[in-house]
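Chemist: Quick one: sequence and predicted model below, then my questions.
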Amino acid sequence: MTKGDVELSDDLLYGARAIGAAVGKTERQAFHMLEKGQLPGFKMGAIWTARRSRLRQSIIDRETAAYRVA
């Protein structure tokens, strides 16, 4: 493992509440965004799961795209 690697268990967020908290949204807002594909996530059984690193990169990508348009 290199210095930049993150343990999988440290990178995963379980549930819309935890995902929402990571991106500054309520549980309901996060659930809606996950359902619509506006946040990167996947289901493990019935529980929404996301990687912190993917959420962070998704936000960076959207921000970069917004600056290109402006």
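Modeler: That came through, no problem. Numbers count the residues shown, from 1 in each chain.

Chemist: For the chain, which strand extends over the most residues?
Modeler: Counting by DSSP state E, the longest strand found in the chain is strand 47-51.

Chemist: what's the residue lying closest to Arg52 once chain neighbours are set aside in contact with, if anything?
Modeler: The shortest distance from Arg52 to any non-neighbouring residue, by Cβ to Cβ, 6 or more residues apart in numbering, is to Asp11 (5.2 Å). Heads up, the C-betas are built off the backbone N, CA and C, glycines and all. By Cβ atoms under 8 Å, 6 or more residues apart in numbering, the contact list for Asp11 reads 51-53.

Chemist: Please save the CA atoms from the longest strand of the chain in PDB.
Modeler: Below are the C-alpha coordinates for strand 47-51, written out as PDB (Å, rounded to 0.1, in the frame of the first residue of the first chain):
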ATOM      1  CA  ILE A  47     -28.300   0.100   1.700                       C
ATOM      2  CA  TRP A  48     -26.900   2.900  -0.300                       C
ATOM      3  CA  THR A  49     -23.200   2.900  -0.200                       C
ATOM      4  CA  ALA A  50     -20.600   5.400  -1.600                       C
ATOM      5  CA  ARG A  51     -16.900   5.900  -1.500                       C
END
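
Chemist: tally of neighbours for Leu39?
Modeler: For Leu39, the count of nearby residues is 24 (other Cβ atoms under 10 Å).

Chemist: element containing the closest residue to it other than its chain neighbours, please.
Modeler: Leaving out its chain neighbours, the residue that sits closest to Leu39 by Cβ to Cβ, 6+ apart is Met33, at 4.4 Å. For Met33, the host element (DSSP states H and E) is helix 27-35.

Chemist: Dump the C-alpha coordinates for that helix into PDB.
Modeler: Extracted as PDB, the C-alpha positions of helix 27-35 are listed here (Å, rounded to 0.1, in the frame of the first residue of the first chain):
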ATOM      1  CA  GLU A  27     -30.500  12.200   4.400                       C
ATOM      2  CA  ARG A  28     -33.600  12.700   2.200                       C
ATOM      3  CA  GLN A  29     -31.700  15.000  -0.200                       C
ATOM      4  CA  ALA A  30     -28.900  12.500  -0.500                       C
ATOM      5  CA  PHE A  31     -31.300   9.600  -1.100                       C
ATOM      6  CA  HIS A  32     -33.000  11.500  -3.900                       C
ATOM      7  CA  MET A  33     -29.600  12.500  -5.500                       C
ATOM      8  CA  LEU A  34     -28.500   8.800  -5.300                       C
ATOM      9  CA  GLU A  35     -31.700   7.600  -6.800                       C
END
